[in-house]
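Enquirer: Need a 3D model of the following:
(chains A, B, C and D)
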2 protein chains.
Amino acid sequence: MSRQQNQVPPDQQLSERAEHVLRTLVEQYIIGGQPVSSRTLSRVSGLGLSAATMRNVMYDLEEQGYLRAPHTSAGRIPTEQGYRLFVDKLLQMHPVDQLTPQELQQQLELDADAEPKNLVESVSSFLSGFTRMAGVVTLPRRDVTVLRYIEFLPLGDRRVLVILVINDHEVQNRVIHTDRDYEHSELEVATNYLNQKFAGRNLGTIRRDLQRELEATRKDVHRMMDVLVEMAGKAFADEEREPETPFVLAGETNLVHFEELSDVDKLRALFDTFRQKRDLYDLLERSATADGLQIYIGRESGYEVMDDLSIVTSPYSQDGEVVGVLGVIGPSRMAYDRVISVVDVTSRLLGAALNSRN
Amino acid sequence: MSRQQNQVPPDQQLSERAEHVLRTLVEQYIIGGQPVSSRTLSRVSGLGLSAATMRNVMYDLEEQGYLRAPHTSAGRIPTEQGYRLFVDKLLQMHPVDQLTPQELQQQLELDADAEPKNLVESVSSFLSGFTRMAGVVTLPRRDVTVLRYIEFLPLGDRRVLVILVINDHEVQNRVIHTDRDYEHSELEVATNYLNQKFAGRNLGTIRRDLQRELEATRKDVHRMMDVLVEMAGKAFADEEREPETPFVLAGETNLVHFEELSDVDKLRALFDTFRQKRDLYDLLERSATADGLQIYIGRESGYEVMDDLSIVTSPYSQDGEVVGVLGVIGPSRMAYDRVISVVDVTSRLLGAALNSRN
DNA sequence: CCTGTCACTCGGGCCCCGGGAGTGCCAGCC
DNA sequence: GGCTGGCACTCCCGGGGCCCGAGTGACAGG
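Expert: Got it, this is the predicted structure:
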């Protein structure tokens, strides 16, 4: 206990040798999942040093907070700080295995014309399937949403189907209930009028203008216009009803396979957190504002349940603007090089898939 | 071991008293989760019998395969056969708590105009939330699918949006890629022609006729017709692309809270089965053909992973025709009365929600 | 047929013990 | 000064023995 307390400030430079040892140790731990002993390091590090020397180095690393020993006579495992240094400085990226994401590539081509929701589900499930951990992807969120086309179709039973084409690609269907049945021809008038007036304009401003329009036509005799504007209003009001949980989590149950979650209580706590979605969403939001690929190791994310778990995230963009975040959640003891590659490539592919739609 | 082997045939009638004891025991076990002792039964059964007598009764019940003792000096717990008798004959249904499904009622009203997929997701998540177990709902599957309306809209970039309204309520969007861009007016011709020809007809027959139509127009000079029929063909071909996993499972992670799944290996096996979806789907299919509410206790379902788990299912109908199944998966030690009520009511409400759309 | 009683069985908690793994430290060597 | 071999020490882990409590099975008597 004393050793941890009088830590040498962690910003002190580590010798190259110490870094090499740390890197080897983390790699070994990731492979084997067992605390790494001085003997193993001596054998495997390639430094040609004896176990005794390794012990000295390890002692120093522990003193500086990079390692800890689960108990006296186990080997050592990395602390969060140890992983941190590892990913920041010591990680050797293998060239991305270009072959494997092909699977995603194909899937994205299949989904090329799908709604964002479906796209996001595909990608999330790819991330989880490929890494055998949990995948998470937020729905793309654009500030400018341009109405491309609006159309009304009669469904009968005083219901009208409203079709909105937004941003050239997203198609939304709404059903609104009206005071009476409308003829196809009547609705065609509405369709034409609204398209002429609003197509190509921003959804936010349309909502404002509709309000004004409504007041104007009220004074008018043109009852028909009144009704159709109200219809459009309804359709757009519905737009407000956001999905409460704007991200898709997949493969959570993969996590049950990991040693570090063989404690059922921990598993429960984690799944409960996932269920609430709020915390995870906040974390993702944070990653969206930070730029580039982010790695939160263990409690760095700020949540106790993330103990021994890490999350690797990357924002994805459309038209050069960040519209969402995706990532992978797994044990801190994960193969960061692979996961980083996958997350990185995936975010790019998703971005590309979104762009190719224009 | 000997006692289990020379079992008295289970079809032998149980005395009323034995049944009462069995019922009390199952109820107690469901409440407490602990093996039930003769003393407890003596206190709680209301029969005014001593523990010693209970022991004799329990001995008989064990001999007939309704109970088993985890070990000599624990109490007894029900076997699958015990649960079976309990649910078939001894279960006292409380009048359905009419208040609680109100939550679902409201949700369904909100979703009244939603796509089947969303409806099913709502219901599945209700089942899991309300029971705190796992909920599962298959997508409604209708044999007759009538095309109500079809429409083409130009999206630009040689893409055309096809909107299909099916069965009065389901709206499907497809994007198809064409050889060139089409004017709105050209597509309007297509829209009119196809609606006139095919609206109100069965999707299956339309597909056949389109094929014929295509061959006919080929010989014709009318190139335009050719193209649009091909378009429609594409749209319907897409229809074939079924969701590979036509059911929605929600709240699997709730199961981690149960004692009987505190064995991590079991949990893994179960989640792996869920991931594959096939087995579960087969099980649900089976329940659809059987009529009314079904209960599979433990391995009755035919799957080893369902050991200590039960599934309560009920088909749901639209226009008097069974179109899907929903259910709840949880430990065999579940409050069957509540779960049965919920599953039953939910299937009715879902059916009603589907019907009210016509 | 029911009941009180008593011997018996079994699981769980506890301690103790020994073996094995890995360390910390030290003396000696280069 | 840094590296190494050696050695004592610490700790985990598994097994065995012990006791206790819970619950049963069986039996004899009402």
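
Enquirer: Please enumerate the strands of the stretch 151-300 of chain A.
Expert: Here the stretch 151-300 of chain A has its strands, by DSSP state E, counting those that start in this stretch, at A:159-166, A:170-177, A:247-250, A:294-297.

Enquirer: what about stretch A:272-291, near chain B?
Expert: Yes - applying C-beta under 8 Å from any C-beta of the partner chain, one finds that stretch A:272-291 is in contact with chain B at A:274-275. Where C-beta positions appear, they are placed from N, C-alpha and C, glycine not excepted.

Enquirer: buried ones in that stretch?
Expert: A:273-275, A:280-281, A:283-284, A:287-288 (16 or more other C-beta atoms under 10 Å in any protein chain shown).

Enquirer: Burial check on the nearest residue to residue A:81 once chain neighbours are set aside, number of neighbours?
Expert: In space, and not counting its chain neighbours, residue A:81 is closest to residue A:65: 4.9 Å by C-beta to C-beta, 6 or more residues apart in numbering or on different chains. Neighbour count of residue A:65, defined by other C-beta atoms under 10 Å in any protein chain shown: 19.

Enquirer: So residue A:65 lies in a strand, does it not?
Expert: No - assigned with DSSP: H, G, I helix; E, B strand; the rest coil, residue A:65 falls outside any strand and is coil.

Enquirer: Hmm, it is touching residue A:78, no?
Expert: No - taking C-beta atoms under 8 Å as the definition, residue A:65 is not a contact partner of residue A:78, at 10.4 Å.

Enquirer: re earlier: taking the buried residues of stretch A:272-291 one by one, which sit in helices?
Expert: Among these, the members found in helices (DSSP state H) are A:273-275, A:280-281, A:283-284, A:287-288.

Enquirer: Between the residues you listed, which sits nearest residue A:353?
Expert: Residue A:353 has its nearest neighbour among those in residue A:288, at 18.3 Å by C-beta to C-beta.

Enquirer: And the closest one, how close does it get to residue A:322?
Expert: 6 Å (C-beta to C-beta, to the nearest Å).

Enquirer: Flag every residue of chain A that's near chain B.
Expert: Within reach of chain B by C-beta under 8 Å from any C-beta, chain A has these residues: A:113, A:115, A:148-149, A:151, A:153, A:155-157, A:159, A:161, A:163, A:165, A:168-169, A:171, A:173-175, A:252-254, A:256-257, A:262, A:264, A:267-268, A:271, A:274-275, A:358.

Enquirer: Buried subset of those residues, written for ChimeraX?
Expert: Selection of buried members from the residues of chain A next to chain B for ChimeraX, criterion 16+ other C-beta under 10 Å:
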select /A:113,115,148,149,151,153,155,159,161,163,165,169,171,173,174,175,252,253,254,256,257,264,267,268,271,274,275
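
Enquirer: now, which of the residues of chain A next to chain B lie close to DNA strand C?
Expert: Counting by C-beta under 7 Å from any atom of the strand, nothing from the residues of chain A next to chain B sits close to DNA strand C.

Enquirer: What distance do you get for the closest residue to residue A:284 other than its chain neighbours to DNA strand C?
Expert: Nearest non-adjacent residue to residue A:284, counting by C-beta to C-beta, 6+ apart: residue A:325, 4.8 Å away. Going from residue A:325 to DNA strand C by C-beta to the nearest atom of the strand, to the nearest Å gives 39 Å.

Enquirer: got a pLDDT number for residue A:325?
Expert: With respect to pLDDT, residue A:325 scores 97.

Enquirer: Quickly list what it is bridged to.
Expert: residue A:315 (DSSP bridges).

Enquirer: Run through the helices of the stretch 201-350 of chain A in chain order.
Expert: For the stretch 201-350 of chain A, helices defined by DSSP state H, counting those that start in this stretch occupy the ranges A:203-219, A:223-240, A:264-276, A:278-289, A:336-355.

Enquirer: I'd like those written out as CSV, with distance to residue A:59 and mean pLDDT added.
Expert: Converted to CSV, the helices of the stretch 201-350 of chain A look like this (distance: least, C-beta to C-beta, whole Å; pLDDT from 0 to 100):
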stretch, distance to residue A:59, mean pLDDT
helix A:203-219, 61, 73
helix A:223-240, 60, 66
helix A:264-276, 30, 92
helix A:278-289, 35, 92
helix A:336-355, 26, 92
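
Enquirer: Pick the most buried one from those.
Expert: Among the helices of the stretch 201-350 of chain A, helix A:336-355 has the highest mean neighbour count (mean count of other C-beta atoms under 10 Å in any protein chain shown), at a mean of 20.
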